[in-house]
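Colleague: Structure, please.
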Amino acid sequence: MRIDKYLWCVRYYKTRNMVTEACKKNHITVNGIVAKPSKEVFPTDKITFRKDQITQTITVLDIPENRVGAKLVDIYRRNDTPAEVYQHLELLKLSKEHYRKTGTGRPTKKDRRDIDDYGNEIHHDDDEENL
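Modeller: Below is the predicted model:
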């Protein structure tokens, strides 16, 4: 089965066109070799691809006939991606929540006052401790 069809069948990509684009950008390798969309995959092949800021590694266990349901995906592949990669992704998500969202523009008057009040609370706490 072709690599683009396989990754689509096991639900790593939403469309085959997305897999094709990833192959053209050299984001997908099979057994350490950069793969074209028409590359044939066989059981025991190791596929490495980069998606959503994660480099994922999977091993092909079997070839599906058609696109399979989410519950049946584990029959056809084994996920060899280390758990630390997923933990790192969670940390990235948490750190992004700390900053203002992009596209929100300049702070409003209320945002500015909240920022000033936060800074004043810290200074008032320090003054009280020194007394």
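Colleague: Which residues are in contact with residue 41?
Modeller: 1-3, 6, 30, 47, 60, 63 (Cβ atoms under 8 Å, 6 or more residues apart in numbering). The C-beta positions use only the backbone N, C-alpha and C, and glycine is treated the same way.
Colleague: redo that, cut-off 7 Å
Modeller: 1, 3, 6, 30, 47, 60 (Cβ atoms under 7 Å, 6 or more residues apart in numbering).
Colleague: Also residue 43?
Modeller: With contact set as Cβ under 7 Å, 6+ apart, residue 43 has these partners: 60-63.
Colleague: tell me, what residue is most central in this structure?
Modeller: residue 52 (2.7 Å; Cα atoms, centre = their mean).
Colleague: before we move on, which element is the spatially closest residue to that residue that is not a sequence neighbour in?
Modeller: Once flanking residues are discounted, residue 52 sits nearest to residue 89: 7.6 Å by Cβ to Cβ, 6 or more residues apart in numbering. Per DSSP states H and E, residue 89 falls inside helix 83-98.
Colleague: quick one: that helix to chain centroid distance?
Modeller: 10 Å (Cα atoms, centre = their mean, to the nearest Å).
Colleague: Over to stretch 79-86?
Modeller: Going by Cα atoms, centre = their mean, where stretch 79-86 is centred and where its chain is centred differ by 11 Å.
Colleague: Ok, stretch 35-44 next?
Modeller: On the basis of Cα atoms, centre = their mean, the separation between the geometric centre of stretch 35-44 and that of its chain is 22 Å.
Colleague: From one end of that stretch to the other, what's the distance?
Modeller: 16 Å (Cα to Cα, to the nearest Å).
Colleague: Mind listing what's buried along that stretch?
Modeller: 35, 37, 39, 41 (16 or more other Cβ atoms under 10 Å).
Colleague: and what of stretch 72-88?
Modeller: Buried residues in stretch 72-88, counted by 16+ other Cβ under 10 Å: 73, 76-77.
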